[in-house]
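Asker: next comes the sequence, and after it the predicted model I'd like to discuss.
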Amino acid sequence: MPLAPTPPASTPPASAPRRRCEVRTYTPRWRTSALTAERAATPLPAREVPPGVLEPRVAFGRAAPLVLEVGSGHGDAALGYAVAHPHHDVLAVEVHLPGVARMLAAAEEHGIPNLRVHRGDAVPFLAERVRPGGLAAVHLFFPDPWPKRRHAGRRFVRAANLALVGRALEPGGMLRLATDVQGYAGQARRELAAAGWVVEPVDRPAWRPVDGFEAKGLAAGRRVTDLVARWSG
């Protein structure tokens, strides 16, 4: 089926009215050291996607399948995917500057050309800046589990956010999720199924390094669940 004409870059996606992120899905950390700011200052302008509606050809200089990682942390998974998939582009979205700085330093050191970043919250970015069908995949690795019952509504995997992800994915696109919190894995399955996603467990991808929250979870004896969900809407 032919694709509908692409609206001008200055026009926000018609199906995504501007919205305020009323529920924060991440834990804020306000302190940034001078060293961190210095490490990010040089590579960030060249690696950060331009403001406005996301134009992959402008951001990456080519047309390629685009994968967005929500909450990339220090970036090891995003970097691993970019290296293992040189014909794909990776957009790492992360609110905390120390993680962004470390990721960019590694990308520069190892000459990884197909990685870009957005320093900010993934929810408004998906709502306001990603065109419908603009992503091949969305990765969500070890999201904040918000373990307290009263905070469960802050988890990224909930109906409103899944609708944003589904809208952003191209036909056949997928959401890849990993967590070491079995309660989160169970909730994710239920939320995805209720929203019409097709969910299946998968093996851990070889390109994802075992570090950070995954390493801590394994060291504590927790089991990691990897899921792939395909949008059927």
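Answerer: Received it, and whenever you're ready, just let me know what you need.
Asker: mind listing what's buried along the strand ranked longest in the chain?
Answerer: What stands out as the longest strand in the chain, according to DSSP state E, is strand 169-179. Going by neighbour count (16 or more other Cβ atoms under 10 Å), the buried part of strand 169-179 is 169-170, 173-179. To be clear about C-beta, it is placed using only N, CA and C from the backbone, and glycine gets the same treatment.
Asker: ok, now stretch 79-92?
Answerer: For stretch 79-92, the neighbour count (16+ other Cβ under 10 Å) marks 79-83, 88-92 as buried.
Asker: which strands or helices does the longest strand of the chain pack on?
Answerer: Judged by 3 or more Cβ pairs under 8 Å, 6 or more residues apart in numbering; DSSP states H and E, the packing partners of strand 169-179 are strand 135-141, helix 182-194, strand 225-231.
Asker: try it again at 6 Å.
Answerer: Judged by 3 or more Cβ pairs under 6 Å, 6 or more residues apart in numbering; DSSP states H and E, strand 169-179 is in contact with strand 135-141, strand 225-231.
Asker: hey, where'd the strands end up in this protein?
Answerer: For the chain, strands defined by DSSP E occupy the ranges 66-70, 89-94, 115-119, 135-141, 169-179, 197-201, 225-231.
Asker: redo those as a markdown table? Include distance to residue 53.
Answerer: Putting these into a markdown table (distance: least, Cβ to Cβ, whole Å) gives the following:
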| stretch | distance to residue 53 |
| --- | --- |
| strand 66-70 | 14 |
| strand 89-94 | 13 |
| strand 115-119 | 13 |
| strand 135-141 | 13 |
| strand 169-179 | 16 |
| strand 197-201 | 25 |
| strand 225-231 | 21 |
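Asker: how about a markdown table for those, with mean pLDDT and distance to residue 216 added?
Answerer: As requested, the strands of the chain are exported to a markdown table (pLDDT from 0 to 100; distance: least, Cβ to Cβ, whole Å):
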| stretch | mean pLDDT | distance to residue 216 |
| --- | --- | --- |
| strand 66-70 | 98 | 19 |
| strand 89-94 | 97 | 18 |
| strand 115-119 | 96 | 24 |
| strand 135-141 | 97 | 13 |
| strand 169-179 | 96 | 12 |
| strand 197-201 | 96 | 22 |
| strand 225-231 | 94 | 15 |
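Asker: of all those strands, which lies closest to residue 48?
Answerer: Taking Cβ to Cβ, strand 115-119 is the member of the strands of the chain nearest to residue 48, at 5.6 Å.
Asker: now that closest one against strand 89-94, angle please.
Answerer: 30 degrees (axes from the mean of the first three to the mean of the last three Cα atoms, to 10 degrees).
Asker: just the CA atoms of strand 115-119, as CSV, please.
Answerer: This file holds the C-alpha atoms of strand 115-119, laid out as CSV (Å, rounded to 0.1, in the frame of the first residue of the first chain):
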residue,chain,number,x,y,z
LEU,A,115,24.0,6.7,16.9
ARG,A,116,22.2,9.9,17.8
VAL,A,117,20.7,11.1,21.1
HIS,A,118,17.8,13.1,22.5
ARG,A,119,18.4,14.4,26.0
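Asker: which elements pack onto that strand?
Answerer: For strand 115-119, the packing partners by 3+ Cβ pairs under 6 Å, 6+ apart come out as strand 89-94, helix 97-109.
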